[in-house]
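J.: Take this sequence and fold it.
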Amino acid sequence: MKRHPSLHPLSQHHHFALIQALEIRRARQQPAAKRAAALRRVAEKFVRFWKKAGQQHFREEEEVLLPAYARHVLLEGDRDVVRMLSEHAAIRAIVQDTEALLAAGEPVEEKITELARVLNDHVRLEENVIFPRIEKALREDELAALGRGLTRLHRKGDSCDL
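T.: Numbers count the residues shown, from 1 in each chain. Just a heads-up that it's a prediction; the model follows:
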């Protein structure tokens, strides 16, 4: 889907998040003898990704994107925006739980698997439902202003190896 240039930074973050979710799913497919170590590695990698980009991404959606949209619609009346914010809280909780499990040396398979699923579904909601609504609701000048408030956390060609 062609995205308005102002939203490219957020879509780029989503791309990197989907790569993380894919790596988690691939780690789950490892042979039983290697699975726990592979999941631990991807969990540690995701936590680094979260600290470098994920937290900032959520803040920008909540503090830049949604306030711009709120000038045009009543957000609490938009079930998908309410779901988006609920999922932000759930993802934060899962990441916190994953960090605690890693620190304690406990297995992470259940939490990291849940994270991959929730993250994948969340990105699809934003990209396929919420962003198109925002692009339609905002005027061109508003979209341009919104874009100036977003951070490109990754430059073109960056990899997800954090």
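
J.: which strands and helices sit next to the helix ranked longest in the chain?
T.: If you go by DSSP state H, the chain has its longest helix at helix 79-104. Judged by 3 or more Cβ pairs under 8 Å, 6 or more residues apart in numbering; DSSP states H and E, helix 79-104 is in contact with helix 32-49, helix 55-60, helix 66-70, helix 109-125. Where C-beta positions appear, they are placed from N, C-alpha and C, glycine not excepted.

J.: if you set the cut-off to 10 Å instead, what comes out?
T.: helix 32-49, helix 55-60, helix 66-70, helix 109-125, helix 131-137 (3 or more Cβ pairs under 10 Å, 6 or more residues apart in numbering; DSSP states H and E).

J.: Could I get the average pLDDT for the first one?
T.: Confidence over helix 32-49, taken as the mean pLDDT, stands at 96.

J.: cool, and the shortest one?
T.: Averaging pLDDT along helix 66-70 gives 97.

J.: buried stuff in that helix?
T.: Leu66, Ala68, Tyr69 (16 or more other Cβ atoms under 10 Å).

J.: rewinding a little: comparing the helices and strands packed on helix 79-104, which comes out most buried?
T.: Counting by mean count of other Cβ atoms under 10 Å, helix 109-125 has the highest mean neighbour count of the helices and strands packed on helix 79-104, with a mean of 18.

J.: tell me the angle it makes with helix 79-104.
T.: Counting by axes from the mean of the first three to the mean of the last three Cα atoms, to 10 degrees, helix 109-125 lies at 150 degrees to helix 79-104.

J.: for helix 109-125, packing partners?
T.: So helix 109-125, by 3+ Cβ pairs under 10 Å, 6+ apart, packs with helix 8-28, helix 32-49, helix 79-104.

J.: I'd like to know which of the ones you listed lies nearest to Asp141.
T.: helix 8-28 (17.3 Å; Cβ to Cβ).

J.: which strands and helices sit next to the closest one?
T.: Helices and strands touching helix 8-28, by 3+ Cβ pairs under 10 Å, 6+ apart, are helix 32-49, helix 55-60, helix 109-125, helix 131-137, helix 140-148.

J.: Looking at those helices, spot the one closest to Leu18.
T.: The closest of the helices and strands packed on helix 8-28 to Leu18 is helix 109-125. By Cβ to Cβ, the value is 5.7 Å.

J.: low-confidence ranges in this structure?
T.: Along the chain, the parts satisfying pLDDT under 70 run over 1, 152-162.
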